[in-house]
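In: Build me a structure from this.
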Amino acid sequence: MRVLPVADKAMLLLSGEEEIVVVADLHIGLEAHLSWRGFHIPSQTEKMERELIQASAGKDALVILGDVKHRVPGSTRQEHREIPRFFRRMTDAYPRVEVVRGNHDGGLEEFLPEDVSVHPASGLRLNDVGLLHGHTLPSKRLDSCDTLICGHNHSRMAFMSPQGSGPTEPCWLRVPYRPGETKELIVLPAFNPNLGGSPVNIEGEGFLGPVLNNPALDIDNALVYLLDGAALGRLKDLRVPGRKYKKRKVL
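Out: Next up, the predicted model:
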């Protein structure tokens, strides 16, 4: 099964016997949380719906790798209003919709139509590809997969100005395993464009979850790509000293 990034989108296409769209980290309800902190910005749910519906032509399934909802514990009015509508539109557009549970997805089933499948956080296997959110260890049935795909880290690249700060951009990571292993890990950026994240190239920041902290990974030689496909190089050559980088608030 081929794993193909979709140009200018935080979206993958799995291509083989089936054509499957994969995204992660929708965090529906994020904007309600931000409004409580004084940031009043429009919901991105309809934008995400439009992009996924546009991508659905000829596709067999949509797989969401966790964090469909944002608030934990509990749920916001925004989630109660928008998540059921989102999934009605997805099940109209795709023959099959599947969700791998993320760490924000407690109580998610109450929002879902019966025909949406929910898989445990330990992952879903599709042929030789393992898919999971990334906040838990993968299931043993994923051990022999050639490719693992996860989200969870909201991966972004920091660009440093002479003043020691700068913008961040969503990025992909293709992480090889250490010598002796032929498989790789692909990290998806968050699908909700309002989400921030810790830049992957800031020294000392580290990564979230056991998947990206697996000692079998060769993180230094991870390849970094922007959404438009621009190849930035290996992570070890892109790192910025944390003491010199002044973080800016990223929504």
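In: show me where the protein has strands.
Out: For the chain, the strands defined by DSSP state E cover 2-5, 12-15, 19-23, 61-64, 97-100, 116-119, 124-126, 129-131, 147-150, 156-158, 168-176, 184-187, 223-226, 231-234.
In: got those as a markdown table, with mean neighbour count, distance to residue 194 and mean pLDDT columns?
Out: Every C-beta, even on glycine, is put in place using the N, C-alpha and C of the backbone. Output for these, formatted as a markdown table (neighbours: other Cβ atoms under 10 Å; distance: least, Cβ to Cβ, whole Å; pLDDT from 0 to 100):
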| stretch | mean neighbour count | distance to residue 194 | mean pLDDT |
| --- | --- | --- | --- |
| strand 2-5 | 14 | 21 | 96 |
| strand 12-15 | 19 | 20 | 98 |
| strand 19-23 | 22 | 15 | 98 |
| strand 61-64 | 24 | 17 | 98 |
| strand 97-100 | 23 | 20 | 98 |
| strand 116-119 | 16 | 24 | 96 |
| strand 124-126 | 19 | 26 | 97 |
| strand 129-131 | 26 | 24 | 97 |
| strand 147-150 | 24 | 21 | 97 |
| strand 156-158 | 23 | 13 | 94 |
| strand 168-176 | 20 | 11 | 96 |
| strand 184-187 | 22 | 19 | 97 |
| strand 223-226 | 18 | 18 | 98 |
| strand 231-234 | 14 | 23 | 97 |
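In: wait, which of these is closest to residue 40?
Out: The closest approach between residue 40 and any of the strands of the chain, judged by Cβ to Cβ, belongs to strand 168-176 at 21.6 Å.
In: now what about the closest one, what contacts it?
Out: Contacts to strand 168-176, defined as Cβ atoms under 8 Å, 6 or more residues apart in numbering, come from residues 5, 10, 154-159, 184-190, 193, 196-197, 199-200, 212, 217-219, 221-227, 232, 235, 248, 250.
In: Thanks again, I'm all set now.
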